[in-house]
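Trainee: Provided below are the primary sequence and the corresponding predicted coordinates.
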Amino acid sequence: MKVVILEDELIISEKLKIIIETNGHEVIGQFDSAEDLLAFEDQFDLALLDINLNGKLDGIDFINRYSRKDEIAYIFISDIDEMDKIDRASTTHPVSYLSKPYKKKDLKIALKLANQKLDDLAISKKQKSAELTLIKDGEKLLSLDMKELLYIEGMGAYSKFILKNEERMVSQNLGSLDRKIKEDNIVRVHRSYIVNVNKIEEIKGKSSLVINGVSIPIGETYRSNLFDLLKIL
């Protein structure tokens, strides 16, 4: 792991550095203020954060302002016993919280927990990447998260993907996409529409359904296939 230390007592910072490096990790920066660490541009995996610091910001402020906080592990180390600050620290979901004077054994355990957190983040990232689908658009491949798909509207030789936060036009007709898309929850409901059944908000009789406030017709040819997929109580 690449590690940074945010600690305004130099002796403690150096002791932390020795323990971390003895356990096979690399300390790439030592800082005595949150402002200095926020200005640090190198990427790191783990931050050891003292809470009470010199300057206007404390260690909790740092993690709340750090743009990559969801991609790293962090450990709070402090001698404070103020419950309001402990409560503030706990809401950020640190890997561990160590009270000064800390024990080497507890720090080693915290480092192992940090390693596990990073492994979990890496697995989650791979799973998210695996959920992306590549759609051919001429000579290009578009990467789309099919979990975010609301519906696809056919427009002749083109199709428009309507996702939760964006729209993408591709140069494939709806029939071609219908043959290629294999997700069970994505089904054709009309000659001009493919929908994500998990996003259906309402079904009006047997003639139309509503997704994200948009009324989409249900074609007679596709009706039985759609209703076979739905759980009707």
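Mentor: Ah, there it is. Small disclaimer: the values here were computed from a predicted structure and weren't measured.
Trainee: which intervals of the protein have sub-threshold pLDDT?
Mentor: Filtered on pLDDT under 70, the chain yields the residue ranges 125-132, 231, 233.
Trainee: quick one, what contacts S192?
Mentor: Going by CB atoms under 8 Å, 6 or more residues apart in numbering, S192 touches 153-154, 174, 217. No exception for glycine: its C-beta is placed from N, CA and C like everyone else's.
Trainee: export these to CSV and append columns for secondary structure, distance to S78 and neighbour count.
Mentor: Formatted as CSV, the contacts of S192 follow (DSSP: H, G, I helix; E, B strand; the rest coil; distance: CB to CB, whole Å; neighbours: other CB atoms under 10 Å):
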residue, secondary structure, distance to S78, neighbour count
E153, strand, 55, 19
G154, strand, 59, 21
L174, helix, 59, 22
P217, strand, 61, 14
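Trainee: any idea which of these is closest to L48?
Mentor: Of all these, E153 has the smallest distance to L48: 51.6 Å, by CB to CB.
Trainee: can you tell me the helix or strand for V27?
Mentor: strand 26-31 (DSSP states H and E).
Trainee: returning to what we had before: next, give me the two most distant ones among the contacts of S192.
Mentor: L174 and P217 (13.5 Å).
Trainee: mutual contacts of the two, please.
Mentor: Joint contacts of L174 and P217 (CB under 8 Å, 6+ apart) are 192-193.
Trainee: so where do the helices sit in this structure?
Mentor: Along the chain, the stretches classed as helices by DSSP state H are 10-22, 34-38, 59-65, 83-90, 104-130, 174-180, 220-229.
Trainee: wait, which of these is closest to I186?
Mentor: Among the helices of the chain, helix 174-180 sits nearest to I186 (CB to CB), with 9.1 Å.
Trainee: and the contacts of that closest one?
Mentor: Contact with helix 174-180 is made by 135, 152-154, 159, 170, 188, 191-194, as judged by CB under 8 Å, 6+ apart.
Trainee: re the thing from before, tabulate the helices of the chain (CSV), appending distance to A47.
Mentor: As requested, the helices of the chain are exported to CSV (distance: least, CB to CB, whole Å):
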stretch, distance to A47
helix 10-22, 11
helix 34-38, 8
helix 59-65, 7
helix 83-90, 13
helix 104-130, 9
helix 174-180, 44
helix 220-229, 47
